[in-house]
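**Student:** just coords:
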Ligand SMILES: [Zn+2]
């Protein structure tokens, strides 16, 4: 069933949502962000570091600060649009951690290690694929042999060259088995 609004209802809906509400003032900063706490400075309301370095995670700023320095972090964040700052901070913290673990290669060392791993796994994958193809062809050959054997059993009176070969092989097998039995019994 369709809803039909009368003109009066529409006016009521639009008029009730029309006056734009005044945004509430931002809450005052209660505790300083971890960056300001470590730098021993007052954390102002519009602190550029506060959104990315909460007081609950002081290690994040300590790590980035040790490698980049506070002024470089602040400068980099100020030069970036706000939408990109979260990723920039994650990247800085990740790279700083890598640099502290490996002072020579930093995150490049991790990348190269992972690249080697990818290459090794790709080689293993190629080998596994080749093995699958090999097994599939073996299976196809076996199936063909089984079909041929079945065919021989169904039509035993039809003789041709391969059939003769088959019989020769079988008689050879009988002879060898016979000699084997003679060895066993004597
Ligand atoms: Zn702050």
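**Tutor:** It's in. None of these values were measured; they are calculated from a predicted model. Numbers count the residues shown, from 1 in each chain.
**Student:** please enumerate the strands of the protein.
**Tutor:** Using DSSP state E, no strands are found in the chain.
**Student:** got the residues of it near the ion?
**Tutor:** 33, 36, 43, 47, 49, 50 (Cβ under 5 Å from the ion). All C-beta atoms are positioned from the backbone trio N, CA, C, and that covers glycine.
**Student:** one more pass at 8 Å, please.
**Tutor:** 29, 32-33, 35-37, 41, 43-44, 47-50, 53 (Cβ under 8 Å from the ion).
**Student:** what's the farthest-apart pair in these?
**Tutor:** 37 and 48 (15.0 Å; Cβ to Cβ).
**Student:** tell me how many other residues crowd the closest residue to residue 78 other than its chain neighbours.
**Tutor:** The shortest distance from residue 78 to any residue other than its chain neighbours is 6.1 Å, reached at residue 48 (Cβ to Cβ, 6 or more residues apart in numbering). The burial count assigned to residue 48 is 17, neighbours taken as other Cβ atoms under 10 Å.
**Student:** residue 48 touches residue 74, doesn't it?
**Tutor:** Yes: at 6.0 Å, residue 48 counts as touching residue 74 under the criterion of Cβ atoms under 8 Å.
**Student:** would you map the helices across this protein?
**Tutor:** Along the chain, counting by DSSP state H, helices occupy 7-17, 34-39, 58-68, 70-79, 82-101, 107-154, 161-185.
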